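[1] prediction below, plus the sequence it came from.
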Amino acid sequence: MRTDTAAAIHLEDYQPAPYHIDTVDLDIHLAPTATQVKATLAIRRRDGVAPGTPLWLNGDETAFTGLAVNGQGLEESAYTANERELVIHTPPAEPFTLEVRTWVNPEANTQLSGLYRSSGNYCTQCEAEGFRRITYFLDRPDVLSVYTTRIEGPKADTQVLLGNGNPVESGDIPGTDRHYAIWHDPHPKPSYLFAMVAGNLAHVSDSFVTSSGRKVDLKIYVEPGKEDRCDWAMDSLKRSMKWDEDVFGCEYDLDVFNIVAVSDFNMGAMENKGLNIFNDKYVLADPETATDQDYANIEAVIAHEYFHNWTGNRITCRDWFQLCLKEGLTVFRDQEFSSDMRSRAVKRISDVRLLRSHQFPEDAGPLAHPVRPRQYTEINNFYTATVYEKGAEVVRMLKTLLGDDGFRKGMDLYFQRHDGDATTIEAFLACFSEATSTDLGQFARWYEQAGTPLVTVKSQFDATAQELTLDITQSIAPLPGQATSQPAVIPIRFGLIGQDGADVTASRITGAEVRGDVLLLTKASQKVTFHGLEHRPVLSLLRGFSAPVRLEAHQNLADLTFLARHDSDPFNRWQAVQTLATQELIRLTHEAHKKGSLEVDDRLVEIFGTILSDQGLDPAFKALALDLPGEADIAREIGKNVDPDAIHAARMAFRSAIGAAHLAAFHALLADAPQEGTFSPDAASAGKRALAAQALGYFADAGTPAAPDKVWHAFQQANNMTDRIGALTLLVHRNLPRAEQALADFRSRHSDNSLAMDKWFTVQATTPAKDGLERVKALTAHPLFDMTNPNRMRSLIQAFATGNHVQFARKDGEGFAFIADCVMTLDPRNPQVAARLLTCFRSWRSLEGERSKHAEKALLRISAMEKLSRDCRDIVDRCLQ
Ligand code: PHE
Ligand code: ZN
């Protein structure tokens, strides 16, 4: 394993590779501990490179067994071959073939990068730098080659043999118990998109006819017995293919599209050309074991990986600094797809909640980095919320700035101009700039600066002049490595609302450029005036969350209450409630911290009554509006000297007050919650279930004697996983009678389904009880717990670290110490997954004194570990810097 303290790699040092690799022919002979790989590479010197320039290929724990150049062996002095590299000191000046033989032990590959085994099947993961663990290569995204893959294995263990591209040939190997398959991918691609799979897998099939009339065979491969859980994934795939044609004009380009679900996977899923490999939690679903959130996630991830075929595969990244070129753009595309499939408002609110809970804290702490970083030491640590989610927000702003048509023109030009390229953010932006004649120079700062801009607004109404004036500032707080920042272009979608609740328009707006209902902020501070307003309107700013900023608009209770009732923009209606609730939660937290009174302001409790009784609201929206900001959200808003116990107490007090005040309404909601006979995962049904779950939660928190029975019955009667896990969570987290019985019931019902059992672990990992940590520790000895399976590890350990603030950040430091131990146990086996777990420390400096001291101690202990991986070294160093 890699333990070297690697030097940082810098964007400004980019150089194209000195050699092209035009074709790659792989011959892979599978065996559990000794797979043989022969790679035949057609290599050509790049124009302008001096003849004889050494050919340097990457390796990583790669086992060299031999080579030939143009069919001839080389003197040992003519090359260097070790675990990390293969160098041909003086390659031929003319195009040549290099044949390299290596040896792989898939069984021993616990990092799940390169070729490994999952449940007895062979699979690969090559992004970002896994291909070099299979064979030596110019393992970088700007080296594009046409791949032909021959896979050979024993018929008994590898009935299915899959590769990238189209199937070409297959057959038995006479006189043996082995067979082979040959796959050819005509589209040049970087090595990180290579994949192969082999094993005894079952599949479901379907097909899709593309807009130009080509029939594509679609298959989803799973472990035998799981075929009946693929319907939703297949349906999502077909809808994705159609949507990408309709909305972006992107048509699929191979004869087959294969998806394989595996149960050991470091990430969510991978967009390998024509052969997507998925973490099975983003494929498998049935009503008995999947929640509505699972269904939504599957739909989104299937779409995301499929959409990569154009944004990522046909057009890829020049280097890993450009990761957001494919990821931010593809997240934006999958968000738009989900919005079109479901409720756009609900999707937007959910996405913003995710951005604020994951990306904002990252962007405010030691792990902050620009959407396009300028340096890294371990690229696997840059698959972050900033690259993905903030990256998507930046693309969304581009659309807001340029309008629907301008955005589409830019995308069309991008596809047309860069198809087949490995390119950059500059090239991407140039397409939009040229297609719409817009200068995007200042806009590009969104890719270059870390940190969430803070936008402050102070407004003043002058009745005589009939003017509303806004004093607006934007700034980014100093960050490690970024002491100062430059103003960005911030699109603020806005509305002015009259007393009757209808939007009013100003006769003229001065002080900022305005495009339609979007105000463009471009300066550190500016004064914007709305003219011709008879009465003071209520301001609705940042509608639809038109920019990834923190907004401090200094609006009073009356205005925010008004917005919560009347804003025509559903996002801002939701936001107004959130803003009010957050202010109250911060006040209550300070009270709780000084052991003061936790009396909740009646006016705020009443706002929730208004939402509850509003017949016009969609249930899914209502459910979101009723949900108070999470503990991490409150912590982030407080920002320093955070006391998680006080936050928890404040939030529970608020919930009890809402529950008690509106008991009858919640009761009524529960009474007419639909008891549908057949389950449907559609958005409308999911919305009803989400609202019923909120009602049940508030009913429980109101503390009436009837509550425990009600929750228990909800658990028993549940005919789908959403309802069942909702009730189970309440039983366990509120420590209600029969919680243990419910856990035992759940376990016996689902013990053979690992995705359902992951939920069982998570419910217990996130319980805020005083002995929550002890419970988690005990569960690590449970027969079903397995530290080596990433999903299971995350369901218990990472769920605890990220979803149980009171116990993780315990005053006695035991929570931090436990997670540090887990990181150190995991690191030698799977450094990528260990490093991701370690990021849960990123906000440690914002905790109150005692707690942050304990966190630092835990970090220092990790830092002192011998042979710490490069992955964890990078995170721990940045956390401590
Ligand atoms: N490229 C994958 C995705 O977004 C994520 C991934 C990265 C998977 C690295 C595996 C390894 O869609
Ligand atoms: Zn992606």
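    Sure thing, it's come through. Ligands and ions are numbered 1, 2, ... in the order given.
[2] how about the residues of this protein that lie near ligand 1?
    For the chain, the residues in contact with ligand 1 (Cβ under 6 Å from any ligand atom) are Gln125, Glu127, Ala128, Met267, Ala269, Met270, Glu271, His304, Glu305, Glu327, Tyr383. Yep, even glycine has a C-beta here, placed from its N, CA and C like the rest.
[3] please redo it, this time with the cut-off set to 5 Å
    Glu127, Met267, Met270 (Cβ under 5 Å from any ligand atom).
[4] among those residues, which one lies nearest to Phe494?
    Using Cβ to Cβ, the shortest approach to Phe494 within these belongs to Met267, at 38.1 Å.
[5] what would the residues of the chain next to ligand 1 look like in JSON lines with secondary structure and pLDDT?
    Output for these, formatted as JSON lines (DSSP: H, G, I helix; E, B strand; the rest coil; pLDDT from 0 to 100):
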{"residue": "Glu127", "secondary structure": "coil", "pLDDT": "99"}
{"residue": "Met267", "secondary structure": "coil", "pLDDT": "98"}
{"residue": "Met270", "secondary structure": "strand", "pLDDT": "99"}
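[6] dump those residues into TSV; add distance to ligand 2 as well.
    Rendered in TSV, the data for those read as follows (distance: Cβ to the ion, whole Å):
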residue	distance to ligand 2
Glu127	9
Met267	9
Met270	8
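[7] for the residues you listed, which one is nearest Trp574?
    Nearest to Trp574 out of the residues of the chain next to ligand 1 is Met267 (Cβ to Cβ; 30.2 Å).
[8] identify the residues contacting that closest one.
    Met267 makes contact with Asn279, Tyr383, according to Cβ atoms under 8 Å, 6 or more residues apart in numbering.
[9] and the next helix or strand past the longest helix belonging to the chain?
    When the chain is parsed with DSSP state H, its longest helix is helix 391-418. Tracing the chain past helix 391-418, the next element assigned as helix or strand by DSSP states H and E is strand 422-423.
[10] neighbouring strands of that next one in the sheet, and parallel or not?
    As defined by DSSP bridges, the strand partners of strand 422-423 come to strand 316-317 (parallel).
[11] what's the strand it pairs with in contact with?
    Looking at what lies outside strand 316-317 - Cβ under 8 Å, 6+ apart - the contacts are 141-142, 144, 189-190, 193, 323, 325-326, 421-424.
[12] Glu85: how many residues sit nearby?
    The number of residues packed near Glu85 is 16, by other Cβ atoms under 10 Å.
[13] that older thread, turn the residues of the chain next to ligand 1 into CSV, including distance to Ala8.
    As requested, the residues of the chain next to ligand 1 are arranged in CSV below (distance: Cβ to Cβ, whole Å):
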residue, distance to Ala8
Glu127, 20
Met267, 23
Met270, 26
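[14] how far does the longest helix of the chain sit from its chain's centre?
    In terms of Cα atoms, centre = their mean, to the nearest Å, the gap separating the centre of helix 391-418 from the centre of its chain is 21 Å.
[15] now swap in stretch 368-375 and tell me
    Relative to the mean C-alpha coordinate of its chain, stretch 368-375 is positioned 17 Å out (Cα atoms, centre = their mean).
[16] who wins on neighbours among the contacts of strand 316-317?
    Neighbour counts for the contacts of strand 316-317 were taken using other Cβ under 10 Å; the highest belongs to Leu325, with 32 neighbours.
[17] let me know the secondary structure of the nearest residue to Leu580 once chain neighbours are set aside.
    Ranked by Cβ to Cβ, 6 or more residues apart in numbering and with sequence neighbours excluded, the top spatial neighbour of Leu580 is Leu560, at 5.1 Å. Secondary structure assignment for Leu560 (DSSP: H, G, I helix; E, B strand; the rest coil): helix.
[18] does Leu560 really touch Ala581, like I thought?
    No - Leu560 is not in contact with Ala581 according to Cβ atoms under 8 Å; the separation is 10.0 Å.
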